[in-house]
Structure formats: C-alpha cells, structure tokens
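> Have a look; sequence and predicted model below, questions after that.
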Amino acid sequence: MKIALLGYGRMGKTIEQIALNKGHEIVLKVDENTVNYDITIADVAIDFSIPSVAFNNISTCLKNNVPVVSGTTGWLDKFDDAVALCKQHNGGFIYASNFSLGVNIFFELNETLAKMMKNLEQYQISMEEIHHTKKLDAPSGTAITLAEDIIKHSNKSNWALNVTKTDTEIPIVAKRIPDVPGTHTVEYSSQVDTIEIKHTAHNRDGFAQGAVVAAEWLVGKKGLFTMKDVLGLK
Ligand SMILES: NC(=O)C1=CN([C@@H]2O[C@H](COP(=O)(O)OP(=O)(O)OC[C@H]3O[C@@H](n4cnc5c(N)ncnc54)[C@H](OP(=O)(O)O)[C@@H]3O)[C@@H](O)[C@H]2O)C=CC1
Ligand SMILES: O=C(O)C1=N[C@H](C(=O)O)C[C@H](O)C1
C-alpha cells in the first residue's frame, strides 16, 4: 500500500516505522515546510498534523479521491464540513480521537459503566487526562469522546474543562507532564467508595498500529467510518 503521511511529527514518524515493518511504502511526507504536493500518488493518506491544518489536509484528500484516515484532534468544529465533502466526492474517511485497540476497548467499557451509573445519584463523576507538554489542545480528543459517550447515557448535558464543581457538566481535569503519551481516567465517587476506569498508554505504538490497520481497512471503501467499523465493534 502506498501511504501519504500528512504530518511528520511524533505520530507521523511512529506510523512510518510500523507501516514499513508491515511492508507498506511511504510515498509522501508532508510537514509545515511542504509547499506543493501530489496526493494522488498515494493509495491512502494518514493525517496526524495540527488542529489548524487538519481540515485542509482532509479536504485535499477527499477532493482528489484519496481515502483518508485522520487522528488529529482539536479541529472538530469543521467535522460536519468534512463529512459533507466525503459525501459530495463519494470518498472514504475515518476519524478517531484515539486509534489504539486498548482505548477503543476502554470506550466500550466507559459506555457500559455509564449506563450502569445513570440513576445512581450518590456518585459524582469526574475525568482526568494527562499528556506531554507539547500537546496543543485540551481537553484531549479522547477525553471529549469519553465525555460525549457518557452524556449519551447520563443526566449530564455537557463537559467542562478545569471547573471545580458542577451538577450538569462532567468536569475534566487536563494535566500536562513531560513525556506522558496519554492517560485517561473516568471516576465515579461517593461518600463510601470510588469506581475508577483508567487507560494508560506506555508509548505511541498502539495509536500508530491502529491508524495503519484503519488505513489498510479503508482502501477500496466509500463512506464515513469509525474505529467501531474497523474493529467490528458495531
Ligand atoms: N487519534 C489518535 O490516536 C492520536 C492522535 N494524536 C493527535 O495527532 C496530532 C499530531 O500529534 P503529534 O504527532 O504528537 O504532533 P507533532 O507536533 O509531533 O506533529 C505534528 C506534525 O504536523 C506538521 N504540520 C504542521 N503544519 C502542517 C501542514 N500545513 N500540513 C501538514 N503537516 C503539518 C508538523 O510539521 P513541523 O514538524 O514541520 O512543524 C509536524 O510534523 C495531534 O492533534 C494529536 O492530538 C496523537 C496521538 C494519537
Ligand atoms: O496529542 C497526543 O499525544 C494524543 N492525542 C490524542 C487525544 O487528544 O486524545 C490521543 C492520545 O491520547 C495522544
């Protein structure tokens, strides 16, 4: 498979190693300094760039009939426009806030737990995410997915970053500590006990492996997909 890497930072480089080990070819690497490029030389593009350019990268792929996998977080105000472009050009597109198998299992656990906790008003929910200090967005895309999945099954109406106490919102604390690849915790606490689920990434390989699996799966398909489709969790 001929892969274009849109974004060649920490994730782009990790994905390159995993893709090469699986026998794929990297035909294009795009970073901040790339001026013009021909995306059509690739069978599939993988975008792990920065929030301000992700939508543009995805648009370029969809307009040129190149299926695109995006893991960039912090650009979702334009997500509906990307979905519309995907439909308009009959393209293939997967976005996931987190591509790792472990986090996608964690997403399923989180929804199951949220359903069980829905009517137990003695428990106060809170969330924490910890990432490296180079991260541009907060809260993390993964934390937002976790919160939105809880909201679907609870009496909370929104999430809020770094607030002390709120009845209607899920409070999320975002911490930045050098070199942490990504840790997410969902906690339900009462006067008598605490229930906690936690995912800790030890490195970036899980994210990158999932992105390559998603790219392999997407080639030849048309439509908007999620990691639930890729992993058969639907
Ligand atoms: N969904 C998931 O599973 C995961 C998502 N992420 C997300 O992926 C994104 C990237 O993370 P990470 O690799 O750590 O970040 P980095 O900052 O290491 O890499 C970002 C890359 O984007 C490049 N870039 C800047 N401008 C452009 C442009 N115009 N076109 C293409 N690329 C450009 C940067 O280039 P330059 O180096 O020249 O500045 C850099 O190579 C983040 O949004 C992060 O939250 C991260 C891990 C997992
Ligand atoms: O920026 C990162 O590093 C990560 N970003 C993603 C997010 O925002 O959830 C996924 C992972 O946690 C690492």
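Right, received. Where do you want to start? Ligands and ions are numbered 1, 2, ... in the order given.

> for the record, mean pLDDT for the helix or strand hosting residue 5?
In this structure, residue 5 sits in strand 2-6 according to DSSP states H and E. Throughout strand 2-6, pLDDT has a mean value of 98.

> Check which residues of that strand are buried.
For strand 2-6, burial by neighbour count (16 or more other C-beta atoms under 10 Å) applies to 3, 4, 5, 6. To be clear about C-beta, it is placed using only N, CA and C from the backbone, and glycine gets the same treatment.

> residues from this structure in reach of ligand 1?
Contacts of the chain with ligand 1, taken as C-beta under 6 Å from any ligand atom, map to 6-12, 30-33, 48-50, 53, 57, 71-74, 96-99, 207.

> Show me which of those are buried.
6-8, 11-12, 30, 48-50, 53, 57, 71-74, 96-99, 207.

> Show me the residues you listed that map onto strands.
Under the assignment DSSP state E, these contribute 6, 30 to strands.

> so which of the buried ones among the residues of the chain next to ligand 1 also contact ligand 2?
Near ligand 2, judged by C-beta under 6 Å from any ligand atom, the entries from those are 73, 97, 98, 207.

> Check which residues of stretch 95-111 are buried.
Quick answer for stretch 95-111 (16+ other C-beta under 10 Å): 95, 96, 97, 98, 99, 100, 101, 103, 104, 106, 107, 110.

> now could you export just the CA positions of it as PDB?
Taking C-alpha atoms only, stretch 95-111 is exported to PDB below (Å, rounded to 0.1, in the frame of the first residue of the first chain):
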ATOM      1  CA  TYR A  95     -11.700  10.000  12.000                       C
ATOM      2  CA  ALA A  96     -10.900   8.700  15.500                       C
ATOM      3  CA  SER A  97      -9.800  10.700  18.600                       C
ATOM      4  CA  ASN A  98      -7.800   7.600  19.500                       C
ATOM      5  CA  PHE A  99      -6.800   4.700  17.200                       C
ATOM      6  CA  SER A 100      -5.400   2.300  19.800                       C
ATOM      7  CA  LEU A 101      -7.100  -1.000  20.300                       C
ATOM      8  CA  GLY A 102      -6.900  -0.600  24.100                       C
ATOM      9  CA  VAL A 103      -8.600   2.800  24.100                       C
ATOM     10  CA  ASN A 104     -11.300   1.500  21.800                       C
ATOM     11  CA  ILE A 105     -12.000  -1.300  24.300                       C
ATOM     12  CA  PHE A 106     -11.900   1.400  27.000                       C
ATOM     13  CA  PHE A 107     -14.500   3.400  25.100                       C
ATOM     14  CA  GLU A 108     -16.800   0.300  25.200                       C
ATOM     15  CA  LEU A 109     -16.200  -0.200  28.900                       C
ATOM     16  CA  ASN A 110     -16.900   3.500  29.500                       C
ATOM     17  CA  GLU A 111     -20.300   3.400  27.800                       C
END
